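Novice: what's the 3D shape of this:
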Amino acid sequence: MLAHQIVGLTLVDEGSVESDKVYNLVIRAYPFREYTKKEHEELTEFLRQIGLLKKEGNILKKTGKGRRYYYENLGMINDERRYPFINAITDEMIGTVGDEFWSLRARVGLNVILRGRVWRILQIDEKRGVIHALPSTDPRSTRPGRAIPGSAPMARPPAAPAADAAPRGSSAAASPAPRPRRPGCRLSGRYAADAGRGGCRWQNR
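Specialist: Got it, this is the predicted structure:
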């Protein structure tokens, strides 16, 4: 990444920049705070040797190769290779899959969903980077790039009501019926009216 940025600096200011100016700019960045002048000289010399810039004393100058290198590598994330899925019967391309599916999941006999249909992998051509498949009616299939791992509790169906789920004979199997309200007594929260002498008497259960 640092080499890419140094080459980029040679493309401004009429195609040249002072090496010391580049060094002082680099060490202002926290990740390169311990970047030494010797390391800087070694790096710029290496870039000169492979033709990405020219060095004339303290001046770094652009080159045509350096310009192409800079603009062809603006993104720090490499493009993902795509592998074609081929219908073994018609020899037509069904779709494509990425590096992760090709490397970790693809295997002969695997059922996958592409373009709304289920396909069974028949052959994997390692040299050409091509997967041949046949239509399948097996509902057990996966979708390339869409398989999201989950824990066992997440995969289970929603829990039944506590009264139905609790085993017979347990205390949770049947909850006690609420006490009848006495006229003129309000029930609130976990408190219940106890019909004692003298009207409503509040009791904390």
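Novice: Quick check: which element contains His4?
Specialist: helix 2-9 (DSSP states H and E).
Novice: which of the residues in the very next helix or strand once past that helix are buried?
Specialist: Moving toward the C-terminus from helix 2-9, the next helix or strand (DSSP H and E) is strand 16-18. Using 16 or more other C-beta atoms under 10 Å as the test for burial, strand 16-18 gives 16-17. (C-beta placed from N, C-alpha, C; glycine too.)
Novice: likewise stretch 52-68?
Specialist: Quick answer for stretch 52-68 (16+ other C-beta under 10 Å): 52-54, 60-63, 66-67.
Novice: before we move on, what about stretch 4-11?
Specialist: Result for stretch 4-11 [16+ other C-beta under 10 Å]: buried residues 6-11.
Novice: cool, and stretch 98-118?
Specialist: For stretch 98-118, using 16+ other C-beta under 10 Å, the buried residues are 101-102, 106, 110-112, 114, 118.
Novice: Tell me the one among those nearest to Ile124.
Specialist: Ala106 (5.9 Å; C-beta to C-beta).
Novice: Check that closest one and give its pLDDT.
Specialist: Looking at Ala106, its pLDDT stands at 84.
Novice: Going along the chain from the longest strand along the chain, find the next helix or strand for me.
Specialist: Using DSSP state E to define each element, the chain has its longest strand at strand 117-125. Of the helices and strands lying after strand 117-125 in sequence (DSSP H and E), the nearest is strand 130-135.
Novice: partners of that following strand, with directions?
Specialist: strand 83-87 (parallel), strand 117-125 (antiparallel) (DSSP bridges).
Novice: Which residue ranges make up the domains of the chain?
Specialist: Using automatic domain parsing, the domains assigned to the chain come out as 2-72, 83-135.
Novice: any weak-confidence spans in the chain?
Specialist: Low-confidence segments of the chain (pLDDT under 70): 76-79, 139-205.
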